[in-house]
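> predicted model, plus sequence, below.
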Amino acid sequence: MDIWSKEKRSEVMSKIRGKNTKPEILLRSALFKLGLRFRIHKKELPGKPDIVLPKYKTAIFVHGCFWHYHKDCREGRIPNTNSKFWKEKLEMNIKKDEDNVLKLKTIGWKVLIIWECEIEKDIQSILDGIVRQLTSNA
């Protein structure tokens, strides 16, 4: 059972942003401090990656654990209310993510998926991994 009415839940869900989320902004700020320059939400690329490092031909997606169904996370679960709808919705999101990653790789881009919970837990490890990935493929 939901703690909010159907109308209140709808209002809350409608205010969730798809771009410039807190985890995205935290990661962008940290990358900028490292001296990495990037573009955001490039419409020309499949999936409009959250962060694009053109110099390294690398696209980074910052996935929200709920919206992209992060199975290794407590936030990545199907709600008990209206579960059929949410299961289909989240599975479509996963399929779309897979398609976008495949399209990017096909045109020669490296793709990194960073989960919201990973940024919250240990952003330094995420940064270290990104830098390792960029320098090993340079």
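Okay, I see it.
> could you look up the SS state of residue 125?
When classified by DSSP: H, G, I helix; E, B strand; the rest coil, residue 125 comes out as helix.
> roughly how far apart are it and residue 95?
29 Å (Cβ to Cβ, to the nearest Å). (C-beta placed from N, C-alpha, C; glycine too.)
> check residue 104 too.
Per Cβ to Cβ, residue 104 is found 15 Å from residue 95.
> quick one, helices of this structure?
Using DSSP state H, the helices assigned to the chain run over residues 6-14, 22-33, 83-106, 116-136.
> residue nearest the middle of this structure, spatially speaking?
The residue lying closest to the centre of the chain (Cα atoms, centre = their mean) is residue 63, at 2.0 Å.
> who's that residue bridged to?
residue 115 (DSSP bridges).
> which residues does it contact?
The contact partners of residue 63, by Cβ atoms under 8 Å, 6 or more residues apart in numbering, come to 70, 97, 113, 114, 115, 116.
> ok, back up a step: higher neighbour count, residue 104 and residue 95?
The neighbour comparison of residue 104 against residue 95 (other Cβ atoms under 10 Å) goes to residue 104, with 21 against 10.
> tell me, how many residues neighbour residue 90?
Residue 90 has 18 neighbouring residues, counting by other Cβ under 10 Å.
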